[in-house]
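A.B. asks: I would like to see how this sequence folds:
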Amino acid sequence: MTALTARQQAILDFVTAQVARHGLPPTLAEIAREFGFSQPRSAQAHLQALEAKGVLSLLPGKSRGIVLRDAPAPANGLALPVLGRVAAGEPIGDAEFEGHLLLDRALFFPRPDYLLRVKGDSMRDDGIFDGDLIAVHRTPDAQDNQIVVARLDGELTVKRLKRRRDRITLLPRNPEHAPIEVPAGSVFAIEGVYCGLLRRG
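C.D. replies: Numbering: from 1, shown residues only. This is a model prediction of the structure:
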């Protein structure tokens, strides 16, 4: 790794501290304000230099799209990968990796393995809304009526699991959405169980 300038090191330290403290990297505007830059694009130029030196990655189109490389989680924290949107309406395709968040492990039970961004409002009566990040504990097993992330014929969805002797149904928690009956012969698997959520204010 190429040596950092004093300013680059200060910006990297600020980003690292913000992630450790809040679980989210700062915005360009927050970096500009912290370092007295007149415009956010000055902060962007420094971040691009840091990316070129291999200490972080930038996610295009994300207001907080800074991913620290090899950042250790705090002793009481979890470094959880954030995956792109999972449907809370109809199933959608595999989610894409967006980066990591550092979070207090006491926020969730059981311990989550990753975060998924929800798309849609079919789980609104369970307090899960469009854009929320849900914490998911990876397991192939779930109890009746648990909220699960399920894979149906290669696509992901989040619903309540309803088991009957002869069928499985994925239940929304919004009367405007219909239940999903798992057809006989389909490829179905439980990817994990819901164990909490994050919502930006």
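
A.B. asks: quick check: next helix or strand after the one helix or strand Leu12 maps to?
C.D. replies: In the assignment (DSSP states H and E), Leu12 maps to helix 6-22. Following helix 6-22 in sequence order, the next helix or strand is helix 28-35 (DSSP H and E).

A.B. asks: now that following helix, how far from the chain's geometric center?
C.D. replies: Offset of helix 28-35 from its chain centre (C-alpha atoms, centre = their mean, to the nearest Å): 24 Å.

A.B. asks: same for it, what does it pack against?
C.D. replies: Counting contacts by 3 or more C-beta pairs under 8 Å, 6 or more residues apart in numbering; DSSP states H and E, helix 28-35 is packed against helix 6-22, helix 40-52. In short, each C-beta sits where N, CA and C put it, glycine included.

A.B. asks: least reliable of those going by mean pLDDT?
C.D. replies: Ranked by mean pLDDT, these end with helix 6-22 at the bottom, a mean of 84.

A.B. asks: what angle sits between that helix and helix 28-35?
C.D. replies: Helix 6-22 runs at 120 degrees relative to helix 28-35, counting by axes from the mean of the first three to the mean of the last three C-alpha atoms, to 10 degrees.

A.B. asks: helices or strands up against helix 6-22?
C.D. replies: helix 28-35, helix 40-52, strand 66-68, strand 97-104.

A.B. asks: any chance of these in a markdown table, plus mean neighbour count and distance to Phe188?
C.D. replies: As requested, those are exported to a markdown table (neighbours: other C-beta atoms under 10 Å; distance: least, C-beta to C-beta, whole Å):
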| stretch | mean neighbour count | distance to Phe188 |
| --- | --- | --- |
| helix 28-35 | 17 | 43 |
| helix 40-52 | 16 | 40 |
| strand 66-68 | 22 | 33 |
| strand 97-104 | 19 | 24 |
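
A.B. asks: with distance to Val182 added, can I get those in a markdown table?
C.D. replies: Shown next, in a markdown table, are the helices and strands packed on helix 6-22 (distance: least, C-beta to C-beta, whole Å):
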| stretch | distance to Val182 |
| --- | --- |
| helix 28-35 | 45 |
| helix 40-52 | 43 |
| strand 66-68 | 36 |
| strand 97-104 | 27 |
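
A.B. asks: quick one, domains of this protein?
C.D. replies: Using automatic domain parsing, the domain parsing of the chain gives 6-68, 77-198.

A.B. asks: give me the beta-bridge partners of Gly99?
C.D. replies: Following DSSP bridges, Gly99 is listed with bridge partners Val82.

A.B. asks: contacts only, for it.
C.D. replies: Ser57, Leu59, Gly65, Ile66, Val67, Pro81, Val82 (C-beta atoms under 8 Å, 6 or more residues apart in numbering).

A.B. asks: any idea how far the second one lies from Glu98?
C.D. replies: Distance from Leu59 to Glu98, counting by C-beta to C-beta, to the nearest Å: 6 Å.

A.B. asks: common neighbours of these two, please.
C.D. replies: Gly65.
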